[in-house]
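J.: Using only what follows, build the 3D model:
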Amino acid sequence: MNRKVQIDIDACKPRMVTAETIYSDYGAIIVWENTVLDALTINRLKIFGVDKIWVYDYGMTDSGSEGPQSRSEAEMFIESYENDAEQFKEILHDLSVGKTVSIEKTVQIADSIYAKKDQRRQIIECITQIRKVDEYTYYHSINVSMLAMLIGKWLRLRPEDTHLLVQAGLLHDIGKSRIPTEIINKPGALTEEEAAEMKKHSEYGYYLIQYMDGIDRRIQEAVLYHHEREDGSGYPMGLKGDQIPLFAKILAVADTFDAMTAERAYKSKNTPFHVFQLMQNDCFGYLDTIVLNTFLSNISHYYIGNKVRLNDGRIAEVIYINPQQYGKPVIKIGDEYVDLTITKGIKIQELL
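T.: Here you go, the predicted model:
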């Protein structure tokens with residue numbers, strides 16, 4: 001059994017593993033036991049004023065490290081994320097010039113994404129922080145596939161189904177490769193004709209992937225139906241409720257969250273808390289209740305412990321998520337605890 005040792009926070013190195021759950025001064029969990037530390041997590045502990053932590057001794061050197069270290073886990077995650085986006089960019093480019101793409105290329109990217117399935121916190125931090133406005137479609141597809149993967153795991157889908165869901169997330173907007181670039185990147189509101197053309201992307205995508213040998217039917221359905229809504233107000237078929245396949249319901253939630261939190265040429269990004277509020281209050285009746293609740297109840301708790309900037313400029317810390325109002329947590333401002341479901345006029349402006 002590995003020995004536990006207590007070390008100074010300044011001696012922490014990436015790849016060390018926490019031996020005990022780390023709490024803030026008032027009892028909120030900052031880092032779970034058995035977490036592999038990376039540079040971002042270590043810095044977060046320093047921000048919270050943590051002086052010492054317990055880690056497992058895997059043959060550490062006198063300097064407190066595990067010996068020579070390569071890149072941190074966070075750095076490797078971001079590098080893999082960027083590589084996935086570049087690989088997917090090539091697929092979209094090939095399709096835009098009329099080339100046929102094999103399912104194997106998509107599966108390779110899906111394998112890379114699925115390998116990150118247990119790195120939930122890094123997935124969520126990555127989606128929240130990493131955006132390239134001018135390459136939105138590529139990063140959006142990667143983000144939706146990762147969010148769909150998390151939802152699949154939270155719904156306890158079989159691993160093979162979750163892997164298919166990752167592929168569906170990657171391909172859900174593939175039809176946009178046939179939409180004129182001036183419509184895709186237009187900085188202002190679309191005209192009625194442009195909006196009608198944009199809505200055809202799900203059908204274009206469905207037709208494109210027909211040429212991929214061996215593609216699963218559920219992926220095809222998810223690409224075609226991910227804009228269908230529970231009340232029948234979606235497109236292209238106006239399906240309702242149980243007529244909509246589960247994969248499409250999951251993609252609808254993942255797609256909505258990523259689109260709402262993204263910064264685009266025509267809008268600034270929303271905070272996750274603002275999006276939680278919009279999705280919880282405005283999307284019932286449109287998005288599947290079970291999928292939406294599963295998503296919001298799980299993802300919101302990853303923001304406990306986050307530092308945030310308020311609309312009055314003050315800095316606060318998220319300490320509790322209210323399940324009745326995911327977008328209005330209890331926060332701590334200095335020594336004061338503020339319940340945003342009760343206190344009016346205070347809003348979370350930005351994640352720090």
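
J.: quick one: the helices in the stretch 251-352 of the chain?
T.: Listed in chain order, the helices found in the stretch 251-352 of the chain under DSSP state H, counting those that start in this stretch are 272-282, 289-299.

J.: for the stretch 51-200 of the chain, that is, sorry about that
T.: Taking DSSP H, counting those that start in this stretch as the criterion, the stretch 51-200 of the chain carries its helices at 73-96, 103-114, 120-129, 136-154, 159-171, 181-184, 192-198.

J.: Relative to Ile209, tell me which of these wins on proximity.
T.: Shortest separation from Ile209 across the helices of the stretch 51-200 of the chain is recorded for helix 159-171, at 6.0 Å, computed as C-beta to C-beta. Where C-beta positions appear, they are placed from N, C-alpha and C, glycine not excepted.

J.: circling back to that earlier point, would you mind putting the helices of the stretch 51-200 of the chain into JSON lines with mean neighbour count, distance to Gly214 and mean pLDDT alongside?
T.: As requested, those are exported to JSON lines (neighbours: other C-beta atoms under 10 Å; distance: least, C-beta to C-beta, whole Å; pLDDT from 0 to 100):
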{"stretch": "helix 73-96", "mean neighbour count": "17", "distance to Gly214": "16", "mean pLDDT": "87"}
{"stretch": "helix 103-114", "mean neighbour count": "18", "distance to Gly214": "5", "mean pLDDT": "93"}
{"stretch": "helix 120-129", "mean neighbour count": "19", "distance to Gly214": "27", "mean pLDDT": "84"}
{"stretch": "helix 136-154", "mean neighbour count": "24", "distance to Gly214": "19", "mean pLDDT": "94"}
{"stretch": "helix 159-171", "mean neighbour count": "23", "distance to Gly214": "11", "mean pLDDT": "97"}
{"stretch": "helix 181-184", "mean neighbour count": "12", "distance to Gly214": "29", "mean pLDDT": "88"}
{"stretch": "helix 192-198", "mean neighbour count": "12", "distance to Gly214": "29", "mean pLDDT": "96"}
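
J.: residue ranges with poor pLDDT in this protein?
T.: Residues of the chain that meet the criterion pLDDT under 70 lie in 1-2, 26-28, 58-72, 130-134, 264-268.

J.: what about Leu37, neighbour count?
T.: 22 (other C-beta atoms under 10 Å).

J.: Relative to Asn83, how far out is it?
T.: Counting by C-beta to C-beta, to the nearest Å, the gap from Leu37 to Asn83 is 23 Å.

J.: Kindly report the same for Pro14.
T.: Plainly put, Pro14 is 20 Å away from Asn83 if you go by C-beta to C-beta.

J.: do Asp312 as well
T.: As judged by C-beta to C-beta, Asp312 and Asn83 stand 41 Å apart.

J.: Put together CSV for the helices of the stretch 51-200 of the chain, with distance to Val330 on each row.
T.: CSV is the format used below for the helices of the stretch 51-200 of the chain (distance: least, C-beta to C-beta, whole Å):
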stretch, distance to Val330
helix 73-96, 28
helix 103-114, 34
helix 120-129, 20
helix 136-154, 23
helix 159-171, 33
helix 181-184, 40
helix 192-198, 40
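
J.: Alright, that wraps it up for me.
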